[in-house]
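J.: Following is a predicted model, sequence given first.
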Amino acid sequence: AQSVTQPDIHITVSEGASLELRCNYSYGATPYLFWYVQSPGQGLQLLLKYFSGDTLVQGIKGFEAEFKRSQSSFNLRKPSVHWSDAAEYFCAGFWGNKLVFGAGTILRVKS
Amino acid sequence: EAGVVQSPRYKIIEKKQPVAFWCNPISGHNTLYWYLQNLGQGPELLIRYENEEAVDDSQLPKDRFSAERLKGVDSTLKIQPAELGDSAVYLCASSLDPSGSNEQFFGPGTRLTVL
């Protein structure tokens, strides 16, 4: 079955530091790829998506992600983290009319 | 424009009791999804509707779960009877169509606690 793996359950970064959240998808056909953010008590909000073309995609809130086919990865990055970025981040792949989520990475931001 | 609306936001029930969750999707969105999100996990699809038709309910535990979307707009997800293991967040989402190229918009979810 298709799957998405987020190796890091928790990540803590200092405010102003750079961030990279890792995401790998299972081998096979390249899915559509997404990153969502979920703040406590909130629904999931789409940060960015990759369908094809340019492998570096820009999203909202200053986030970007890079698709690397050779590594089956779609890592999320931000050059300077703000305290308001503290949330849980989910990577997802879309295969055959189904969105498959990773387990999420909880981001903590320390001042 | 209003987003996906879900109610209630929180529900606490005793095991073996029935419970129902309601979802109103974004206007004009033909595709509606119910997801289950367990603590520490990503959402998992329970059922997908195209208008009023359930086109993918392969992950719905049909012995105790049921869902309906009678007029192709709002939807109800029911559990009867609830078990301790059903404690989770139930998310509703909607999209224009199921193609994946159209964003799925998520509601805030209903947090169910079964005692």
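T.: Right, received. Where do you want to start?
J.: Below-threshold pLDDT in the chain: ranges please.
T.: The chain I'm using is chain A. A:27 (pLDDT under 70).
J.: To clarify, I was referring to chain B.
T.: B:1.
J.: Up against chain A, what does chain B have?
T.: Contact residues, chain B versus chain A (CB under 8 Å from any CB of the partner chain): B:3-4, B:9, B:33, B:40-45, B:48, B:56, B:91, B:93, B:98-101, B:103-109. C-beta: built from backbone N, CA, C; applies to glycine.
J.: Please list only the buried members of the residues you listed.
T.: Listed as buried from the residues of chain B next to chain A are B:4, B:33, B:42-45, B:48, B:56, B:91, B:93, B:98, B:100, B:104-109; burial here means 16 or more other CB atoms under 10 Å in any protein chain shown.
J.: would you say residue A:61 is within a helix?
T.: Yes. With DSSP: H, G, I helix; E, B strand; the rest coil as the criterion, residue A:61 is part of a helix.
J.: returning to what we had before: out of the residues of chain B next to chain A, which sit inside strands?
T.: B:33, B:44-45, B:48, B:56, B:91, B:93, B:105-106 (DSSP state E).
J.: Same list, these, but as a markdown table with distance to residue A:84 please.
T.: Shown next, in a markdown table, are those (distance: CB to CB, whole Å):
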| residue | distance to residue A:84 |
| --- | --- |
| B:33 | 28 |
| B:44 | 28 |
| B:45 | 30 |
| B:48 | 33 |
| B:56 | 36 |
| B:91 | 22 |
| B:93 | 24 |
| B:105 | 21 |
| B:106 | 19 |
